[in-house]
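K.L.:
3D model of this:
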Amino acid sequence: MVILSLICIFAACEQDELGGRQEWPHYAVIYDANGGTGSMTRSVHVYGTAQNLNKIGFSRTACKFVGWTESPSGEGKLYGDQESVINLTKTPRGEFTLYAQWRLDSDALNMILVPGGRFQMGNDNMADPERERPVRAVTIDGFSIGKYQITRKLYRDITGKTPGDFTYMPNHPVQKVTWYDAVEFCNTLSELEGCVPFYEITGIVRDSEEFESIQSAEVTVPDWSGVGYRLPTEAEWEYAAKAKAELIEWENGPYFIYSGSDDVADVAWYSGNTEDIYGNKRTYSVETLAPNYLGIHGMSGNVSEWCWDWSGDYSAETLVNPKGPESGSSRILRGGSWNDDADHVRSTYRLYMEPSAKEPTIGFRIVRSAE
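P.N.:
Coordinates of the predicted model:
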C-alpha cells in the first residue's frame, strides 16, 4: 500500500514551463499585451491555491495599465497587477488568457490649452489666393490642441498600424492617413480614456492594402459639447496658428506670416529646407523647429493637417465657433507640407482634398473642447 501511494503521488506530478515540479491538476495563465508591447512569461497555478499573477511586463505609449480581464474588450472582472487569484479556470491542465487593459494617459499627449478669444480669420493681401478672403472677425471658445502633429510611433501604438514612408523614423509625423482614419483615431483615443467618442462613424469601407485605410464612411457629431478627442475646425486651427503674446495683436493683428515667425525657416519644414544628404525631400521630427507663442510646434509645414470642415468659400459675416459648410465633397487641410513652397505653409493658406485622400504630405493633430 505504501509503495502504491508513492507511485500515485509521483504520477500526479509533471514538469511545468518553469522547470519545477507542480502537482496536478494545475493550469497556465497566459498574458496578452492587447495592444501593448513587451513580453511576459506565463504563470502556472495549482487548483485550490491562492497565487499572485505575474508583474506587468507590457507597456503602451501614452497609456496606463489598469488591470487584466478575460476578454480583450475589458468585459468581466478586473484583476490588478500581481493580484492574488485562485481557480481562474476549472479545465484540467488548461490555459487561461488574461488581456491587459489600458487607459489613455492624457498627459503623454502633450496637449496645450488655447484660451478662448476673438481674431481676424483670413488674409486681405490681394496677391494671395481669393479663397483666403474676405477677412472676418471670429470668436472661438477655449480648447486644447496637440503640441505636436501625431507621430508615427503614437499612431502605431494606438492603432497597431504604421502607414506612410520612412516608418523607421518614429518621431516624424504620421503620413498617408485619410480624413476618416484621423477621426477614427480620435475616437480610439476617447475610448482609451474612458470617455464618449466624439464622432459617430458608420458604414465603414476599408481598402484592401496593408493598413486598411478607411475609404468611405458616414461621420456625424452627435453632440458638439462633447469632450472627446477630435479634429480642429478650420477656424480653431487658424486661431491657434496665429497666436501672439499681445492679446490685442492676437485679436486684431498684425499676424506672423507663418505660425510663430515671419521667417519660414525658423518654424517650418518646407520644400526649401527638407532635402536630405541623398537629395530626397522628406518629413522631419515634429519637435525640431521653434514653436509659436503658445508652444505649438509645426503648424507650418512638415505635413498638411486635416480639419473637420468641408471646403467652402468665406463669407464676410462675424462668426462664433464656425464649423464650415453642412456638406461638401472635400475636407480642409491647413499648414502645408515638406513638399510645398513657402507660400503654401502660410497660416492662412487653404488646401482641400477628398476625405479618402492619403498622401505622403498629409497628417493631422488633435484637439478637444475645454471642459
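K.L.:
going forward, measure contacts between C-alpha atoms and count neighbours the same way
P.N.:
Fine.
K.L.:
Can you list the low-confidence ranges for this structure?
P.N.:
For the chain, the stretches with pLDDT under 70 are 1-24, 92, 165-167.
K.L.:
Which residue ranges make up each domain of it?
P.N.:
Listed by automatic domain parsing, the domain ranges of the chain are 14-104, 107-369.
K.L.:
want to throw the ones you listed into JSON lines with mean neighbour count?
P.N.:
As requested, the domains of the chain are arranged in JSON lines below (neighbours: other C-alpha atoms under 10 Å):
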{"stretch": "domain 14-104", "mean neighbour count": "17"}
{"stretch": "domain 107-369", "mean neighbour count": "19"}
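K.L.:
Now tell me what touches stretch 64-76 from outside.
P.N.:
34, 59, 77-81, 96-105 (C-alpha atoms under 8 Å, 6 or more residues apart in numbering).
K.L.:
and if we set it to 7 Å?
P.N.:
Stretch 64-76 has contacts (C-alpha atoms under 7 Å, 6 or more residues apart in numbering) with 34, 77-81, 97-105.
K.L.:
Could you report the separation of residue 121 from residue 113?
P.N.:
To residue 113, residue 121 is 20 Å away according to C-alpha to C-alpha, to the nearest Å.
K.L.:
could you pull out the helices for the chain?
P.N.:
In chain order, the chain shows helices spanning 2-11, 152-159, 179-193, 234-241, 247-252, 264-267, with DSSP state H as the criterion.
K.L.:
Adding distance to residue 68 as columns, could you present these in a markdown table?
P.N.:
Output for the helices of the chain, formatted as a markdown table (distance: least, C-alpha to C-alpha, whole Å):
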| stretch | distance to residue 68 |
| --- | --- |
| helix 2-11 | 34 |
| helix 152-159 | 18 |
| helix 179-193 | 15 |
| helix 234-241 | 39 |
| helix 247-252 | 48 |
| helix 264-267 | 44 |
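K.L.:
what about those, which gets the closest to residue 330?
P.N.:
helix 179-193 (9.8 Å; C-alpha to C-alpha).
K.L.:
and the closest one, C-alpha only, in PDB?
P.N.:
Output of helix 179-193 as PDB, limited to C-alpha atoms (Å, rounded to 0.1, in the frame of the first residue of the first chain):
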ATOM      1  CA  TRP A 179      -9.600  62.100 -43.100                       C
ATOM      2  CA  TYR A 180     -11.700  59.000 -42.000                       C
ATOM      3  CA  ASP A 181      -8.600  57.400 -40.500                       C
ATOM      4  CA  ALA A 182      -7.900  60.600 -38.500                       C
ATOM      5  CA  VAL A 183     -11.400  60.800 -37.000                       C
ATOM      6  CA  GLU A 184     -11.300  57.000 -36.200                       C
ATOM      7  CA  PHE A 185      -8.000  57.600 -34.400                       C
ATOM      8  CA  CYS A 186      -9.700  60.400 -32.300                       C
ATOM      9  CA  ASN A 187     -12.500  58.000 -31.300                       C
ATOM     10  CA  THR A 188      -9.900  55.400 -30.300                       C
ATOM     11  CA  LEU A 189      -8.200  57.900 -28.000                       C
ATOM     12  CA  SER A 190     -11.500  58.800 -26.400                       C
ATOM     13  CA  GLU A 191     -12.400  55.100 -25.800                       C
ATOM     14  CA  LEU A 192      -9.000  54.500 -24.300                       C
ATOM     15  CA  GLU A 193      -9.600  57.400 -21.900                       C
END
